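In: My questions concern the predicted model and sequence given below.
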Amino acid sequence: MSRLCAWAVLLALLGPCAWGQSDGVLRIGVKRDVPLWGEWNGSEWVGLEPDLARDLGRRLKQPIELVGLNTAERIGALQQGRVDVLIATLSDTPQRRELLHLVQPHYYSSGVNVLVNKRDGIRSWDDLKQRRACARQGAFYNRQILVEFNLDLVPLFDNRVAQKSMELGRCDAWLHDDTALIALLRDPQWSNSFEMPLPSRLSTPWSIALRKPEADTPLAQRISQVVTEWHREGTLVELEKRWGIPPSHFVQTMHRRWRQPVQGQPECSWPITPLTPEACL
């Protein structure tokens, strides 16, 4: 029996409550402080990633509960069992692979950039030397940007604190994911005074994460398969449109690669194996 067939049989035998906690609920961690990606609107968690989490539950035929998390607490919440799955703007880095199982293929990608005040005339990364920059505590890019450009980096626990610090002029720049800054600048309240004038750096794909011991479980395999369905069906393309997020080159490229055959064969196919082309991941 081929590996694909073996997984198909195993997944078919598992009922809808084959994963999750003892109460049969799969708890999914999402961001609580990134507009358009994950935040609380007063009655529910909203954004592209909460939508993905709900769609994952639907495809798994599994009850879910969304848990709002900020950047600094994401990994600990998963390791401690407060959540079972993370869909929370988590970039795939070697350090995180040591701590967690990062599902492939990746579902999104972003770089790092800065929000600055227009009056400061920032036109290159070198212009930020020794300027005070707010950043999220625990963000993977903090150290590299700090060392490369000699910023006065101020790590903050919550994106909302960083945003307020920029509003009050306590920081000269906000070091953050470019996707979130693009979303913020759609609001005239911000775009009238602030800008993102520099080229993004450190483009890094995002992964759904599980605890390390779950790397070779049916849940990990099924989530991997769901991500391929999102790419093939254009789910992420449609969610970008729904949330007014500028089209991502990564999403467009993955949609094409997982949908269109090359010489009669799919360019990318599931399951993911060591032979899967890097471009499909």
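Out: Now that the structure is in, tell me what you want to look at. Quick caveat: nothing in here was measured; it's all calculated off a predicted structure. Residues are numbered from 1 along each chain as shown.
In: Phi, psi for Leu210 please.
Out: phi -130, psi 170 (degrees, to the nearest 10).
In: number of nearby residues for it?
Out: 22 (other C-beta atoms under 10 Å). In this view, the C-beta of every residue, glycine as well, is placed from N, C-alpha and C.
In: Report the separation between it and Thr235.
Out: Separation of Leu210 from Thr235 (C-beta to C-beta, to the nearest Å) stands at 20 Å.
In: and what of Tyr141?
Out: Tyr141 is 27 Å from Thr235, by C-beta to C-beta.
In: low-scoring stretches of the stretch 151-281 of the chain, by residue?
Out: Counting by pLDDT under 70, the ranges of the stretch 151-281 of the chain that qualify are 261-266.
In: one more time with 90
Out: Residues of the stretch 151-281 of the chain that meet the criterion pLDDT under 90 lie in 157-160, 179-180, 182-184, 186-187, 244-249, 260-267, 269, 274-275.
In: One more: the stretch 1-150 of the chain?
Out: For the stretch 1-150 of the chain, applying pLDDT under 90 flags the ranges 1-24, 33-35, 71-72, 136-140.
In: go with 70
Out: In the stretch 1-150 of the chain (pLDDT under 70), the answer is 1-22.
In: And the strands in the stretch 151-281 of the chain, which stretches?
Out: Taking DSSP state E, counting those that start in this stretch as the criterion, the stretch 151-281 of the chain carries its strands at 152-156, 173-177, 194-195, 201-206, 209-211, 261-262, 265-266.
In: State the paired neighbours of the second one in the sheet, together with their directions.
Out: Just to be clear, that refers to strand 173-177. Strand pairing for strand 173-177, determined by DSSP bridges: strand 108-117 (antiparallel), strand 132-136 (parallel).
In: and if you look at the first one?
Out: Partner strands and pairing direction for strand 152-156 (DSSP bridges) are strand 132-136 (parallel).
In: Can you tell me what sits against the partner strand?
Out: Residues outside strand 132-136 that contact it (C-beta atoms under 8 Å, 6 or more residues apart in numbering) are 70-72, 114, 142, 151-156, 158-159, 161-162, 165-166, 170-176.
In: so which strand or helix has Thr89?
Out: Assessed by DSSP states H and E, Thr89 sits outside every helix and strand.
In: Might one say that it is in contact with Asp33?
Out: No - the criterion here is C-beta atoms under 8 Å, and Thr89 misses it with Asp33 at 10.2 Å.
In: got any residues that touch both of these two?
Out: In contact with both Thr89 and Asp33: Thr71, using C-beta under 8 Å, 6+ apart.
In: out of everything not next to it in sequence, what's closest to Val114?
Out: Ala173 (4.3 Å; C-beta to C-beta, 6 or more residues apart in numbering).
In: which residues does the one you found contact?
Out: By C-beta under 8 Å, 6+ apart, the contact set of Ala173 is 114-116, 122, 128, 131-134, 151.
In: do that again at 6 Å, thanks
Out: Applying C-beta atoms under 6 Å, 6 or more residues apart in numbering to Ala173 gives the contacts 114, 116, 128, 133.
In: what's the answer for Asn117, then?
Out: By C-beta under 6 Å, 6+ apart, the contact set of Asn117 is Phe194.
In: Kindly report the same for Trp174.
Out: By C-beta under 6 Å, 6+ apart, the residues touching Trp174 are 115, 134, 162, 166.
In: change it to 8 Å
Out: With C-beta under 8 Å, 6+ apart, Trp174 has these contacts: 114-116, 133-135, 162-163, 165-166, 181.
In: same thing with Glu39?
Out: Contacts of Glu39 by C-beta under 8 Å, 6+ apart are 31-33, 45-47, 68.
In: ditto for Ala53
Out: Contacts here follow C-beta under 8 Å, 6+ apart; on that basis Ala53 touches 28, 30, 64, 66, 85, 87.
In: Name only those of those that count as buried.
Out: Buried positions within the contacts of Ala53, assessed by neighbour count (16 or more other C-beta atoms under 10 Å), are 28, 30, 64, 66, 85, 87.
In: Tell me where the longest helix sits in the chain.
Out: helix 218-233 (DSSP state H).
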